[in-house]
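Student: the following comprises the amino acid sequence and a computationally predicted model.
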Amino acid sequence: MRYGILALVTIAQAGASFVQQGIGSLGPFLTAEFDLTRAQLGLVFGIIMGGAALTTAISGIAVDAYGERRMILASGVVMGVAIIAGALVHSYAWLVFCMLLAGVGYGASTPAGGRAILLWFTRHRGPAMGIRQMGVPIGGFAGALLLPLLANAGGYRLALVVGGIVTILPAVAATIWYREPEGGELVPRRLAALLRSMWEVARDPRLIFVTLTCSILVFGQSNMLTFLVLTFVRDVHIDVAIAGAALATAQIGATVSRLAWGIVSDRYFNGDRIVPLMCSSVLAALSSAAVPLVPEHSVAVAFALAFVLGMSASGWNGLFSTASVEIGGPGRAGSALGVGLTGIFTMGLAAPPLFGAIADAHGFHFAWYALAAFLACGLIPGALAKRAIAAADTRV
């Protein structure tokens, strides 16, 4: 039955990620509709991360208190309704507000699914978490392909309405069929005890350094999702639909690597999640630095680079989720993910507006080079995380 549960939480994650990951393909449509600068466009996408950052720690506590089943439903419904509302508003400010609410819903999706994997998989947890996290790029792949097609056919509002519906339905299906594993029933705990557990895990050096590493990597992921299509359209001079397909190709790379990193970390690194994270930092830095070097009209080069960028800048999430729930344990898995994701989502909020502001001032080429330099810095907290985990294992 655990593989059926894995399928349910993966599909629910894909639904939650359909617009959150794929909305970058609507960049040209939103820019034309609201006459946006690159920084303003970055805010539309980054604010989803901002909403998640505001609530993901609370959502993690809620998952530990009320269970993953209820929180999967709450996440999907809040996200879907907010996205549909975004299609109905007629001002930039209200669109940003609706995306903020969508982020509030998105904040619960990872802690809920992460706890489900921790409870159902005692062995092969790395690959299982990687498969669940494949739901993110799978949803993003579908969004990157379908959202611009829908926008071309009936405007970006149609794309958002369909996106909201696609977000809600998998969450409802997962809620109907999900079951708790034997022995995984919730033990009632007071709010004070839950808050104390969250504070304890928040001070854990292992979680702090893992979160810092992934907070740097999310800069690559957020800016890839937000600006890769626009960069290819404006600088490489390829059609917006083809650029959207390149972003979909990046999501394929992310899908492949999330499973691959999980298998590699279990089979070849004896459960070490940090070395693959550090490898991702190096590869993401190199591929970001290569974006300005794509020749004009070179569709094949653009697709190949997008695939590598997706593998590196967006392939680390399963490793983070696995490391976090293993640090937290069954009683604090949601809290550990919630605390870590708060930092990551906060950086995800800052990344697109900052990149956009740099691009407005100095151009896309300089912005991609600056991003590459920052991604390389992920090696520093990665090394510190490895040391902290080794020290904790020695004490045990």
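Tutor: Sure, I can see it.

Student: mind listing the strands for the stretch 201-350 of the chain?
Tutor: Secondary structure of the stretch 201-350 of the chain (DSSP state E, counting those that start in this stretch): no strands present.

Student: quick one, helices of the stretch 101-250 of the chain?
Tutor: 109-120, 125-133, 135-154, 156-177, 191-202, 205-231, 240-267 (DSSP state H, counting those that start in this stretch).

Student: those helices: lowest mean pLDDT?
Tutor: Ranked by mean pLDDT, these bottom out at helix 191-202, which scores a mean of 71.

Student: and the pLDDT for residue 341?
Tutor: Looking at residue 341, the pLDDT reads 81.

Student: then the one 5 residues further on?
Tutor: What the model reports as pLDDT for residue 346 is 83.

Student: now swap in residue 187 and tell me
Tutor: 55.

Student: swap in residue 396?
Tutor: The model's pLDDT for residue 396 equals 51.

Student: residue 325 too?
Tutor: Value for residue 325, per-residue pLDDT: 78.

Student: again, but for residue 289
Tutor: For residue 289, pLDDT reads 96.

Student: still on that earlier bit, out of the helices of the stretch 101-250 of the chain, which comes closest to residue 303?
Tutor: helix 240-267 (5.0 Å; C-beta to C-beta). From N, CA and C alone the C-beta is placed, and that goes for glycine too.

Student: which stretch among the helices of the stretch 101-250 of the chain comes nearest residue 88?
Tutor: Using C-beta to C-beta, the helices of the stretch 101-250 of the chain put helix 156-177 closest to residue 88, at 7.4 Å.

Student: give the other helices and strands that that closest one contacts.
Tutor: helix 2-22, helix 27-34, helix 68-88, helix 135-154 (3 or more C-beta pairs under 8 Å, 6 or more residues apart in numbering; DSSP states H and E).

Student: at 6 Å what do you get?
Tutor: helix 2-22, helix 68-88, helix 135-154 (3 or more C-beta pairs under 6 Å, 6 or more residues apart in numbering; DSSP states H and E).

Student: gap between it and the chain center?
Tutor: 18 Å (C-alpha atoms, centre = their mean, to the nearest Å).

Student: how near is residue 226 to residue 219?
Tutor: Distance, residue 226 to residue 219, using C-beta to C-beta, to the nearest Å: 11 Å.

Student: hmm, I typed the wrong one, I wanted residue 342.
Tutor: Taking C-beta to C-beta, one finds residue 342 at 16 Å from residue 219.

Student: could you dump the helices and strands packed on helix 156-177 into JSON lines with mean neighbour count and distance to residue 358 added?
Tutor: Listed next are the helices and strands packed on helix 156-177 as JSON lines, based on neighbours: other C-beta atoms under 10 Å; distance: least, C-beta to C-beta, whole Å:
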{"stretch": "helix 2-22", "mean neighbour count": "24", "distance to residue 358": "23"}
{"stretch": "helix 68-88", "mean neighbour count": "23", "distance to residue 358": "26"}
{"stretch": "helix 135-154", "mean neighbour count": "23", "distance to residue 358": "24"}
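
Student: how about TSV for those, with distance to residue 303 added?
Tutor: What follows is the helices and strands packed on helix 156-177, written out as TSV (distance: least, C-beta to C-beta, whole Å):
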stretch	distance to residue 303
helix 2-22	17
helix 68-88	28
helix 135-154	12
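
Student: residue 196: which of the ones you listed is closest?
Tutor: helix 68-88 (20.6 Å).

Student: before we move on, back to that, mind checking which of the helices and strands packed on helix 156-177 is nearest residue 202?
Tutor: Taking the helices and strands packed on helix 156-177 one by one with C-beta to C-beta, helix 68-88 is closest: 19.6 Å.
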